[in-house]
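In: Would you be able to build a 3D model of this:
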Amino acid sequence: MNNWSVDAVHHSQDRRAETWRQALQQVYLSTVYDYDAEHLKGRVSYSISPQGIEFVTLSGSAQRIVGDYPLQTESLWLSVVIEGDAYLHIDDQRTELAAGTILYGATGGDTVSLEFNDDFCLLTLELPHALFYRRLLNPLSISHGTFSGESATSRLLAKLLVSVAVELEALDASTYHPVETALTELLIQALSERNAINTFKDPAHAKHFQQICHCIELRLGDSQLSLGKIAEKCHTSERYIQKIFKEAGLGFNQYLRRQRLERCKRDMASQLNAGLSLSEICFRWGFNDQAYFSRVFSAEYGVSPRAYRARQLDVQASD
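Out: As a prediction, this is how the structure comes out:
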């Protein structure tokens, strides 16, 4: 596990604001505030679980915390205010945030910020898509929203998150496992209760959609994979698959391309694949033209494959 923490008050007054800015930048956040360096407070603690859930606790003096996730991925973020009064900003809307309300959203989506007018404590998490993607009926429809204790599931999730924030620095590899399991199960249940995400009216369609997606994912390395091949493997018609994907708000080719891009993205970020060229990685996952792969990767994530890989490997090398 990679754990670290930064406390701005341990730095000189002339370095305090810059130290805090750099610490937030490491967890894809920024701050907006009118500060007096002498009174600025800010502490951030980061840890990552064995399954890749990133936990960040933030505390500090009055300021506005802004989410700055740079890439559009299928990761999810969660945030819950532990202490302090907060106002939620999304676009031009400003809403008071009740204690225990959970914010959620897809990384790289709409800009969301929290305004604190006094001292605060906040927990944020980022969950990799592998933990929830196959379990939701239409994960790509997630943008942002809140759980405000409207169900037993969301109340339990809020209590778990508050407990995690208190005990975070005491967790180790063995104690993370039950936390990961409980957190993932509660989040998936809470999301599935939302009509905006659970889009299938017919339960049979939901089951078929998941089966088709699984069939696709087993064959991503086949550069000749097509709608016709999947229809044959799933013993159904091309028209039916197109209908199912339309009901999920997706296109077959869109889903196939994004799944391949995600696998390439994961492999490029791993030190285990540092000896592989970009072409070897993209060919491994079904792309047969590196130039095309570079174009669609850049369009999807806002950065070239080469730049993304260099950044990820540099970060790991410096840890």
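
In: Listing request: residues of this protein with sub-threshold pLDDT.
Out: 1, 33-37, 69-74, 91, 108-110, 133-141, 143, 194-200, 315-319 (pLDDT under 70).

In: Which helix in it has the most residues?
Out: helix 173-192 (DSSP state H).

In: how about that helix: buried residues?
Out: 176, 179-180, 183-184, 186-192 (16 or more other CB atoms under 10 Å). For every residue, glycine as well, the C-beta is placed using N, CA and C.

In: before we move on, what about stretch 145-161?
Out: Result for stretch 145-161 [16+ other CB under 10 Å]: buried residues 146-147, 149, 153-158, 160-161.

In: now the angle from the next helix or strand after the longest helix of the chain to helix 173-192?
Out: Counting by DSSP states H and E, the next helix or strand C-terminal to helix 173-192 is helix 203-217. Counting by axes from the mean of the first three to the mean of the last three CA atoms, to 10 degrees, helix 203-217 lies at 130 degrees to helix 173-192.

In: from here on, count from 25
Out: Okay, residue one is now 25; in that scheme the one you just asked about reads as helix 227-241.

In: which helices and strands does helix 227-241 pack with?
Out: helix 251-257, helix 262-271, helix 276-292 (3 or more CB pairs under 8 Å, 6 or more residues apart in numbering; DSSP states H and E).

In: And that helix, how far out from the chain middle?
Out: Centroid displacement of helix 227-241 relative to its chain, using CA atoms, centre = their mean, to the nearest Å, is 23 Å.

In: for the stretch 75-224 of the chain, what spans make up the helices?
Out: Taking DSSP state H, counting those that start in this stretch as the criterion, the stretch 75-224 of the chain carries its helices at 176-191, 197-216.

In: Output the longest one as PDB - backbone C-alpha positions only.
Out: Same thing as helix 197-216. What follows is helix 197-216 as a C-alpha-only set of coordinates in PDB (Å, rounded to 0.1, in the frame of the first residue of the first chain):
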ATOM      1  CA  ALA A 197      -3.900  -4.900   4.300                       C
ATOM      2  CA  SER A 198      -5.800  -7.500   6.300                       C
ATOM      3  CA  THR A 199      -8.400  -5.200   7.700                       C
ATOM      4  CA  TYR A 200      -9.000  -3.400   4.400                       C
ATOM      5  CA  HIS A 201     -10.600  -6.500   2.900                       C
ATOM      6  CA  PRO A 202     -13.900  -6.400   4.800                       C
ATOM      7  CA  VAL A 203     -14.100  -2.700   4.400                       C
ATOM      8  CA  GLU A 204     -13.700  -3.000   0.600                       C
ATOM      9  CA  THR A 205     -16.300  -5.700   0.500                       C
ATOM     10  CA  ALA A 206     -18.900  -3.800   2.600                       C
ATOM     11  CA  LEU A 207     -18.200  -0.500   0.800                       C
ATOM     12  CA  THR A 208     -18.600  -2.000  -2.700                       C
ATOM     13  CA  GLU A 209     -21.700  -4.000  -1.900                       C
ATOM     14  CA  LEU A 210     -23.500  -1.000  -0.200                       C
ATOM     15  CA  LEU A 211     -22.500   1.400  -3.000                       C
ATOM     16  CA  ILE A 212     -23.700  -1.000  -5.800                       C
ATOM     17  CA  GLN A 213     -27.000  -1.500  -4.000                       C
ATOM     18  CA  ALA A 214     -27.400   2.300  -3.400                       C
ATOM     19  CA  LEU A 215     -26.800   3.000  -7.100                       C
ATOM     20  CA  SER A 216     -29.000   0.200  -8.300                       C
END
